[in-house]
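> Any chance you can model this:
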Amino acid sequence: MIKKIKKSDIKELNHLPPQEWQIDYETFLKEFIDEDFFHAFIQIQDNKIVGTGNILLKGKVGWLGNIIVDKNCRGKGLGYEMTKFLVDFLDKKGCETQLLIATELGESVYKKLGFKKLTEYQSFDSTVDNDFNLSDSIQKLELSDLKNVYKLDLETNMEDRAHLIDKFYNNGFGFFNDDNQLLGFYLPEFGRGLVISKNKQAGIELLKLKHSKKGKRTLLPIENQSGIQLLEEMGLNEGEKSARMVLGEVNKWVPNNIYSYGSGYCG
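Predicted coordinates for the structure are as follows:
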């Protein structure tokens, strides 16, 4: 049985995500559960919660995320069942582009439902603090910069994510040229730390800022070779790849502008 999650269901759900995901799932759910663009579900078998999945839907673009089956219940088709439920939910809402980021374990499940692989993301982790000379062009974002952040993100992802940016805009940083034009931004609290830039230098400098601290993880599309080269040169730990997949209409995103995706639940 699959049903919509209630606040009373959230407690003790942190056992579901694999340890290597390094996410606090309960905190994530509490952050989003009251938002009208967020829809979360749990899967119940023998009166126990054995799976979960959620959707972020805005306009004609929807993201499927956190599709997880308890490790003791895998191999029984539960992941397929949850994904099919989410796909049907989005279809009923008129969603034209369904997106997700798949682990190696989940990719074959999504292909069975018609998802197609668009590209791969490479992951990197910083395990120590790094003493970089940070650019003077990086400044704290002000409220007056918000419209330009919206614009750059929209140009990159071809979807309206203002509702997410608003949640994580505080404590963000921008890279500005001599004419005070925003070339890139870094939102540390947006998932794992979103970095979007239409300028190579700006993207690299913002990545340096992000990885000046240990414990940071970055996933970026393999098309962004300048970002990957920097992270390799920094000596970061290179992790596994994951796949960006789509069902329906492909939106014309710009992967070269993504120096660090926000999270698997929204790109």
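> how about the strands in the stretch 1-150 of the chain?
In the stretch 1-150 of the chain, the strands defined using DSSP state E, counting those that start in this stretch lie at 2-4, 38-45, 48-58, 61-69, 97-102, 116-126, 138-140.
> Among those strands, which comes closest to Leu164?
Closest approach to Leu164 among the strands of the stretch 1-150 of the chain is made by strand 48-58 (7.7 Å; Cβ to Cβ). For glycine as for every other residue, the C-beta is placed from the backbone atoms N, C-alpha and C.
> Report the rounded mean pLDDT for that closest one.
The average of the pLDDT scores along strand 48-58 is 94.
> Let's verify Ala243: helix, strand, or coil?
Assigned with DSSP: H, G, I helix; E, B strand; the rest coil, Ala243 falls in the strand class.
> Looks like it contacts Thr119 (just checking).
Yes. Ala243 lies in contact with Thr119 (Cβ atoms under 8 Å); the separation is 7.5 Å.
> Enumerate the positions of the top helix by length along the chain that are buried.
Assignment by DSSP state H gives helix 78-92 as the longest helix of the chain. Residues Leu78, Gly79, Tyr80, Glu81, Met82, Thr83, Phe85, Leu86, Val87, Phe89, Leu90 are the ones in helix 78-92 that count as buried (16 or more other Cβ atoms under 10 Å).
> and the angle from that helix to strand 38-45?
Angle, helix 78-92 to strand 38-45, by axes from the mean of the first three to the mean of the last three Cα atoms, to 10 degrees: 140 degrees.
> Figure out how far helix 78-92 is from the centre of its chain.
Centroid separation between helix 78-92 and its chain, computed with Cα atoms, centre = their mean, to the nearest Å, is 19 Å.
> Against which helices or strands is that helix packed?
strand 2-4, strand 38-45, strand 48-58, strand 61-69, helix 104-112 (3 or more Cβ pairs under 8 Å, 6 or more residues apart in numbering; DSSP states H and E).
> Next, the angle from the last one to strand 61-69.
Orientation note: helix 104-112 sits at an angle of 130 degrees relative to strand 61-69 (the same axes, to 10 degrees).
> before we move on, what about the second one?
Compare the direction of strand 38-45 with that of strand 61-69 by the same axes, to 10 degrees and you get 30 degrees.
> which residues touch strand 38-45?
Contacts of strand 38-45 with the rest of the structure, by Cβ atoms under 8 Å, 6 or more residues apart in numbering, involve 1-5, 9, 13, 29, 32-33, 49-57, 69, 73, 78, 81-82, 85-86, 89.
> What subset of those residues is buried?
Using 16+ other Cβ under 10 Å, the buried ones in the contacts of strand 38-45 are 2, 5, 9, 13, 29, 32-33, 49-57, 69, 78, 81-82, 85-86, 89.
> tell me the contacts of the closest residue in space to Pro255 that isn't next to it in sequence?
Taking Cβ to Cβ, 6 or more residues apart in numbering, and ignoring the residues beside it in sequence, Pro255 has Pro221 as its nearest neighbour in space, at 3.7 Å. Contact analysis of Pro221 by Cβ under 8 Å, 6+ apart lists Thr119, Glu120, Tyr121, Arg244, Pro255, Asn256, Ile258, Tyr261.
> ok, what's across the strand from Lys3?
Note on Lys3: beta-bridge partners Ile42, judged by DSSP bridges.
> residue contacts, it?
Lys3 makes contact with Phe41, Ile42, Ile44, according to Cβ under 8 Å, 6+ apart.
> Just give the number of residues close to the last one.
Spelled out, it's Ile44. By other Cβ atoms under 10 Å, 13 other residues sit near Ile44.
> From the neighbour counts alone, determine which of Ala243 and Thr119 ranks first.
Neighbours were counted for Ala243 and for Thr119 using other Cβ under 10 Å; Ala243 has more, 20 against 13.
> Roughly how far does the more buried one sit from Asp160?
Applying Cβ to Cβ, to the nearest Å, the value for Ala243 to Asp160 is 24 Å.
> just Thr27 next, same as before
From Thr27 over to Asp160 (counting by Cβ to Cβ), the distance is 25 Å.
> Out of those two, name the residue with the larger neighbour count.
Applying other Cβ under 10 Å to Thr27 and Asp160 shows that Asp160 carries more neighbours, namely 15 against 11.
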